[in-house]
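Undergrad: Next one to model:
(one chain, ligands or ions: 2)
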Amino acid sequence: MAVYTDITEDDLKRFLTEYDVGDLTSYKGIAEGVENSNFLLHTTRDPLILTLYEKRVEKSDLPFFLGLMQHLAARGLSCPLPLPRRDGALLGTLSGRPAALISFLEGMWLRKPEARHCRDVGAALAKMHIAGEGFTLTRPNALSLDGWHTLWEKSEARADEVEKGLQAEIRGELAFLAANWPKDLPAGVIHADLFPDNVFFLGDGLSGLIDFYFACNDLLAYDVSICLNAWCFEKDGSYNMTKGMALLEGYESVRPLSRAEAEALPILSRGSALRFFLTRLYDWLTTPPDALVVKKDPLEYLRKLRFHAAVSSVGEYGLSRP
Ligand SMILES: Nc1ncnc2c1ncn2[C@@H]1O[C@H](COP(=O)(O)OP(=O)(O)O)[C@@H](O)[C@H]1O
Ligand SMILES: N[C@@H](CCOP(=O)(O)O)C(=O)O
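TA: Ligands and ions are numbered 1, 2, ... in the order given. As a prediction, the model looks like this:
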């Protein structure tokens, strides 16, 4: 699920009077997603997505997220566009939550992506990195080295409940990453959560990217590493070199990686695997058993982390370099 906050038809109709979007004909909650409450709205005009921003989203970050979607869409990236209210504001309030209306993006996310889809995702990610240039608002990555430590402190005492020996392993990993994390690589606006459920395909092609609510300023190659983790491993935990090669080729067809970025991929991938391991571990340990949300397996990301820790050359990702 992701409908944490319910809405009434009366409140929704009142909320919509602030917008020029036609009359409401129907609405329903969207079960997918993890962070926010989403509703699909049908009106006498276009279908729309209504998002109510939940606890984990800082209200002060919303202008960055909504402004970024506007900036990227204006530069030709296919992504949802926040709709302005009659007074020009992009944000309103509904059921006590900050709320926005965004355009509906056609397409479906792929449950079983193939190498050709990974190529498309790589190219779309690079296009997003380029389209993000010139966006004037900034947002530091709250889920980088410092954020990982803070998250870990909340789970550390119970980590061995999930797997024996985790406490010691993750402490060592955090220390290694803090000592070796790259600093001087090209940076810009990154998506930071470009998993298959955030990429829509229609017919044979990629139709757009959604869910910019982890977007921030960070190393561009870190975003590539997030995609390698999210798209290029199989269910049995093995790395799929064909998919990795396709994703990297797709990315480099638009924005070639520098030698330093390429060489940093193992440590960046190790860090991004740890990032998703930590948020999943925290959710795993804190989500009540009766909550209507699908808990994601932290150990999937621990296995990926271990894979990257053992990589000795970027050739193992499928990246060919002279
Ligand atoms: N602009 C959009 N167009 C079409 N569907 C959308 C759009 N935004 C969200 N959705 C639907 O809502 C689901 C959850 O959205 P998402 O932004 O991933 O939520 P969360 O941030 O809570 O994880 C998506 O999987 C998709 O089905
Ligand atoms: N992609 C993250 C969880 C965030 O989910 P989303 O629905 O906001 O994409 C993970 O897999 O841990």
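
Undergrad: how about the residues of the stretch 101-250 of the chain near ligand 1?
TA: When proximity is defined as C-beta under 6 Å from any ligand atom, the stretch 101-250 of the chain approaches ligand 1 at 102, 104-105, 197-198, 210-211, 213. The way it works is simple: take the backbone N, C-alpha and C, and place the C-beta from them, glycine included.

Undergrad: Mark which of those residues are buried, thanks.
TA: The neighbour-count test (16 or more other C-beta atoms under 10 Å) marks 102, 105, 197-198, 210-211, 213 as buried among these.

Undergrad: so which of the residues of the stretch 101-250 of the chain next to ligand 1 are also by ligand 2?
TA: The subset of these within reach of ligand 2, by C-beta under 6 Å from any ligand atom, is 197-198, 211.

Undergrad: what does the stretch 201-322 of the chain have sitting close to ligand 2?
TA: Residues of the stretch 201-322 of the chain lying near ligand 2 (C-beta under 6 Å from any ligand atom): 211, 276, 279-280, 296.

Undergrad: For the residue in the stretch 201-322 of the chain positioned nearest to ligand 1, give me its contacts.
TA: Ligand 1 sits closest to Asp211 of the stretch 201-322 of the chain, with a gap of 3.5 Å, by C-beta to the nearest ligand atom. Going by C-beta atoms under 8 Å, 6 or more residues apart in numbering, Asp211 touches 33, 193, 197-198.

Undergrad: tell me the centre residue of the chain?
TA: The structure's the chain has its C-alpha centroid closest to Asp193; by C-alpha atoms, centre = their mean the separation is 1.6 Å.

Undergrad: As a markdown table, the ones next to ligand 2 among the residues of the stretch 101-250 of the chain next to ligand 1 with distance to Ala179, secondary structure and pLDDT would be great.
TA: Output for these, formatted as a markdown table (distance: C-beta to C-beta, whole Å; DSSP: H, G, I helix; E, B strand; the rest coil; pLDDT from 0 to 100):
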| residue | distance to Ala179 | secondary structure | pLDDT |
| --- | --- | --- | --- |
| Asp197 | 34 | helix | 95 |
| Asn198 | 32 | helix | 96 |
| Asp211 | 32 | coil | 95 |
